[in-house]
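Q: pasting the structure only:
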């Protein structure tokens, strides 16, 4: 790794952490009371960690299944990105969605391109197909309900 690429990586992480702390600060400004850190500490201590852990495991499994489904959609086009890179790109997309609504879909395709050289237009097509499948499943659930 060259010095310029190492600097670029460090700068990217610094920006990510700065944006993270900015967003946390913005989200906490609506809390009542003076000591927001104390409020967070008390809330964390009173939470049932078993339920939080179960929710985290279920959420990660859900994301893993979604990454595997996205990976399978790319197979017929001749691309087989690793499950880890698909999962990582999906998670980056979720993070970007917190800041830029619907920006995560584009960013996960770009991230997969950076990791696996899968063309953005091809992977974005699979994201569109994935959204159509999600919509059809939602409509089916509404009809069943």
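A: Cool, got the structure. In this text, all values refer to a predicted model and were calculated from it rather than measured experimentally.
Q: only C-alpha atoms for contact and neighbour calcs from this point on.
A: Will do.
Q: poorly predicted segments of this protein, please.
A: Residue ranges of the chain with pLDDT under 70: 1, 3, 33-34.
Q: show me where it has its helices.
A: 3-28, 36-46, 49-74, 83-99, 103-116, 120-144 (DSSP state H).
Q: can I get these in a markdown table with mean neighbour count?
A: Listed next are the helices of the chain as a markdown table, based on neighbours: other C-alpha atoms under 10 Å:
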| stretch | mean neighbour count |
| --- | --- |
| helix 3-28 | 12 |
| helix 36-46 | 11 |
| helix 49-74 | 14 |
| helix 83-99 | 19 |
| helix 103-116 | 20 |
| helix 120-144 | 13 |
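Q: my read: residue 108 touches residue 85, true?
A: No. Between residue 108 and residue 85 there is no contact under C-alpha atoms under 8 Å: 10.0 Å.
Q: give the contact list for residue 28.
A: With contact set as C-alpha atoms under 8 Å, 6 or more residues apart in numbering, residue 28 has these partners: residue 36.
Q: now it: how far from residue 36?
A: 7 Å (C-alpha to C-alpha, to the nearest Å).
Q: list the contacts of stretch 81-98.
A: Residues contacting stretch 81-98 (C-alpha under 8 Å, 6+ apart): 63-64, 67-68, 70-71, 103-109, 111-112, 115-116, 118.
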